[in-house]
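In: All I have is the shape, not the residue letters:
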DNA sequence: GTCTATATGGAGATAGAC
DNA sequence: GTCTATCTCCATATAGAC
C-alpha cells in the first residue's frame, strides 16, 4: 500500500469519524448549543481539521441535518403513500417507524427544534418537491373514503389521521426524559421495553379507533 | 404620585416587559440560541437593564422555563389524576390541553428541546415531588382496571395510554412547521382551524380506540 | 492531512455617569 | 432605574509549520 493510498484511507476514515461525532453533538445540543471543540474532542482529532474537511460549522451542520431528514422522511412518505391496504399499512408504518427511531432516538428532538428555530433557512434543506409529489393526504383520503364506504372503518379527516399516526410514534422519543419521570421508567432498557410494548399495543389501538 | 412611586411603577412595568420579551425569544430560539441583545431589543430597553433585573442570562432563562412548566404540567397532572370517570376525563383533557396549547403554542418545542439538551440541570427545575405524588399512572391504572372489568373498555397498559393521550395533543404544536408542509396548510388561521377540527375528532378517536 | 498558534468577532457581564 | 462605554472571555475561523 503506497503512502498516497494510506493518506486517502486515513482521510476517508477521518471524515467518517468527524461526521459521527458531529451527529452525536448536534443531535444532543442543536446547532446553537454545539461547539466545534466538542465535536473535535469526540472525533479525537484537532479542531482545525473540522474546517479542513467542512469549511464551516454551518456546512457541517447541513450535512448532519440533511442526513437526519434522509433517514426519516423518505420512509414515512413511501410507507404512507404506498398502495397497500389501509389496515396493513398502519401495521407496517408503526413497526418500521418505531424500529427506525429506536436506531436514531435523538433525531426527533433534533429536527423539531431546528425546524422551529430557523424555519426559513431549514425549509430549503427539505425535499419539498418530493413531499408534495408523493401526496400523502391525497392517497390516504382515497383509501379512507373507500374503506369507509365499504363500512370497514369510520370516516376521519385524512390530515387528522396522518397527524395522529405520526404523533403516536414520534412523540415518545422527543419527550423521552419527561416521560421517564412521569412514568417512572429509569434507564435505557426500561425505555426500550416500553417501546417494544408500544409496538404491540399501538396497532390495535389505532385499528380500533377507526372501527365503525 | 411621588417620584418614588413612579419609579416603582416603571420598574414593575419594565420587569414585565423584559419577561414578555424573554419569553418570546427563549421560546423561539432556546437557551443557547437566544441573545440578550435580541431580548433587550424586543423589550425596547437597554441590554444592561436585563442584568440589573435578572443578574444573568441563566437566571432570566430559569424564570421563563419555570413559568412554561407552570403553565402546562399542573393542568396535565390535575386533569389526569382527578377522580372523574375515564370517558369524561378524556374529553376534558383533550379540550383543556388543546386550548392551553393554542394560547402557548411555542412551549412544547421549547420544553422538549431544553429537557433533551440539559436533562441534568433542568430536572432540578421540575416539581418532581408533585409529579410522583399525584401518581398519574396509579390513578389511571385503577380506572382502566375497573372500566375493563365492567366491560366498558379494552385493557391497555396505563403508561401506553397516558403516552398516547399526551402525544396526540402536544405533537401537532411541536411539529407545526413540518406538518404545515406535509399537509399543505399555510398560515395561522389554517392551523387554528386544524386544531379546532382536532378537538372534535380526537375525543371519538380515543374513546373508540378503547372500545372493547 | 494533521497539527500549533493566532486572528477576529461576538456575547455576557460590569462600571460608572446621569 | 436607565443609559453609554468597556471589559473579558470564548467560539469560529485561518495561517502556516510539519
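Out: Yes, it's here. The structure presented is a predicted model; accordingly, all values stated were derived computationally and were not measured. Numbering: from 1, shown residues only, chains lettered A, B, ... in the order given.
In: quick one: low-confidence ranges for chain A?
Out: Applying pLDDT under 70 to chain A picks out residues A:1-10.
In: Quick check: residues of it near DNA strand D?
Out: A:34-37, A:47-48, A:51, A:55-58 (Cβ under 7 Å from any atom of the strand). From N, CA and C alone the C-beta is placed, and that goes for glycine too.
In: Check whether stretch A:145-153 comes near chain B.
Out: No. Figure legend: stretch A:145-153 not in contact with chain B (Cβ under 8 Å from any Cβ of the partner chain); closest approach 10.1 Å.
In: Likewise for stretch A:94-103?
Out: No. On the criterion Cβ under 8 Å from any Cβ, stretch A:94-103 is out of touch with chain B, staying 12.0 Å away.
In: helix or strand for the closest residue to residue A:46 other than its chain neighbours, which one?
Out: Ranked by Cβ to Cβ, 6 or more residues apart in numbering or on different chains and with sequence neighbours excluded, the top spatial neighbour of residue A:46 is residue A:40, at 6.2 Å. With secondary structure defined by DSSP states H and E, residue A:40 is part of helix A:36-43.
In: And for residue A:192?
Out: Assigned by DSSP H and E, residue A:192 falls in helix A:188-210.
In: what angle do the longest helix seen in chain A and helix B:3-33 make?
Out: In chain A, taking DSSP state H as the definition, the longest helix is helix A:3-33. Counting by axes from the mean of the first three to the mean of the last three Cα atoms, to 10 degrees, helix A:3-33 lies at 150 degrees to helix B:3-33.
In: what comes up buried for helix A:3-33?
Out: Applying a neighbour-count criterion of 16 or more other Cβ atoms under 10 Å in any protein chain shown, one finds A:14, A:17-19, A:21-33 buried in helix A:3-33.
In: How far away from the center of its chain is stretch A:55-75?
Out: 11 Å (Cα atoms, centre = their mean, to the nearest Å).
In: residues of that stretch that come out buried?
Out: Result for stretch A:55-75 [16+ other Cβ under 10 Å]: buried residues A:57, A:60-65, A:67-69, A:72-73.
In: before we move on, what SS does residue A:184 have?
Out: State at residue A:184, reduced to three classes by DSSP: H, G, I helix; E, B strand; the rest coil: coil.
In: Contacts only, for it.
Out: B:132, B:137 (Cβ atoms under 8 Å, 6 or more residues apart in numbering or on different chains).
In: just to revisit the earlier point, centre of the chain versus the helix holding residue A:40, how much separation?
Out: Taking mean C-alpha positions (Cα atoms, centre = their mean), helix A:36-43 and its chain are 24 Å apart.
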